[in-house]
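A.B. asks: the following comprises the amino acid sequence and a computationally predicted model.
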Amino acid sequence: TKIYTGTGSSLALTGLGFQPDFSWVKQRSGTENHFLQDAVRGSTAVIQSDTTAAEQTASNGMTSFDSDGFTVGTDSGWNGNTETYASWNWKMGTTSGIDATGSTITPTGYSFDQTAGQSIVQYSGNNTSGAKVAHGLGAAPGMIIVKTTNTPNSWNIYQQAVDATAPEDYYMTFGTDARTDDSSRWNDTAPDSVNFTLGNAAAVNGSSNTMIAYCFAEK
């Protein structure tokens, strides 16, 4: 976690101890959106956890991931003068050699950290129930967060704690809604140590949609 105060001009934020590959930034002193960016899509490609909007380009938002932190530009969502911010940052970093045994959708980009149990996976949907996507963790993920990036659509979350016997039957979203029992998200199939399984919902597996998935396993 990195807490900082904006300056209104380009600002390099250091002290993380690693180069982040996924950062979530929220203004604390105002009502700017939650901004999520990752190294797979590029630092200026932004999605917002509090909206269903498609990916946007913020050229003056987070301008780069750096060896010990990140740099923000002049956009008030990241760096308004005297405004305060919180950022949460994750280190992935392995960008080749993913185990795709049994996968039916090939990731178009990825970065993972098996030691920490976390990964970023980008893929294109095929609208086929039972499609499998490699997550790179080497252990079954306990949480998967999926968002379409090329079109507006809801966030979709798999969480192993949502049900004691069959969490794969349910999905959740960012917001106040209760869990929803719907096989079109995870195909009522638990993720395994190599792949997570999709239904045919456009929000996770639309044939003309591109998706980003953030995956986490207990390690």
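C.D. replies: Yep, it's here.
A.B. asks: quick check: Ala58 vs Gln48, distance?
C.D. replies: Using C-beta to C-beta, to the nearest Å, Ala58 is found at 10 Å from Gln48. For glycine as for every other residue, the C-beta is placed from the backbone atoms N, C-alpha and C.
A.B. asks: shared neighbours, the two?
C.D. replies: Residues within reach of Ala58 and of Gln48 at once, by C-beta atoms under 8 Å, 6 or more residues apart in numbering, are Phe35.
A.B. asks: which parts of stretch 76-83 are buried?
C.D. replies: For stretch 76-83, the neighbour count (16 or more other C-beta atoms under 10 Å) marks 77-80, 83 as buried.
A.B. asks: can you check stretch 183-197 too?
C.D. replies: Using 16+ other C-beta under 10 Å as the test for burial, stretch 183-197 gives 183-191, 194-197.
A.B. asks: with stretch 6-21 instead?
C.D. replies: Here stretch 6-21 shows 6, 11, 13, 16, 19-21 as buried, counting by 16+ other C-beta under 10 Å.
A.B. asks: which of the residues you listed fall within strands?
C.D. replies: Among the buried residues of stretch 6-21, the residues falling in strands (DSSP state E) are 11, 13.
A.B. asks: just send the buried residues of stretch 6-21 back as CSV, with distance to Thr148 too.
C.D. replies: Formatted as CSV, those follow (distance: C-beta to C-beta, whole Å):
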residue, distance to Thr148
Gly6, 30
Leu11, 31
Leu13, 29
Leu16, 29
Gln19, 27
Pro20, 23
Asp21, 20
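A.B. asks: so which of the buried residues of stretch 6-21 would you say is closest to Asn33?
C.D. replies: Comparing the buried residues of stretch 6-21 against Asn33 with C-beta to C-beta places Gly6 closest, at 15.2 Å.
A.B. asks: what sits against that closest one?
C.D. replies: 72, 76, 78-85.
A.B. asks: hang on, the earlier thing: which one of the buried residues of stretch 76-83 is nearest Asn150?
C.D. replies: Nearest to Asn150 among the buried residues of stretch 76-83 is Gly77, at 21.2 Å by C-beta to C-beta.
A.B. asks: the closest one: which element?
C.D. replies: In this structure, Gly77 sits in helix 76-79 according to DSSP states H and E.
A.B. asks: now that helix: mean pLDDT?
C.D. replies: Predicted confidence along helix 76-79 averages 98 (mean pLDDT).
A.B. asks: just checking, what packs against the very next helix or strand once past that helix?
C.D. replies: Downstream of helix 76-79, the next assigned helix or strand under DSSP H and E is strand 84-90. When contacts are defined as 3 or more C-beta pairs under 8 Å, 6 or more residues apart in numbering; DSSP states H and E, strand 84-90 sits against strand 2-5, strand 22-27, strand 69-72.
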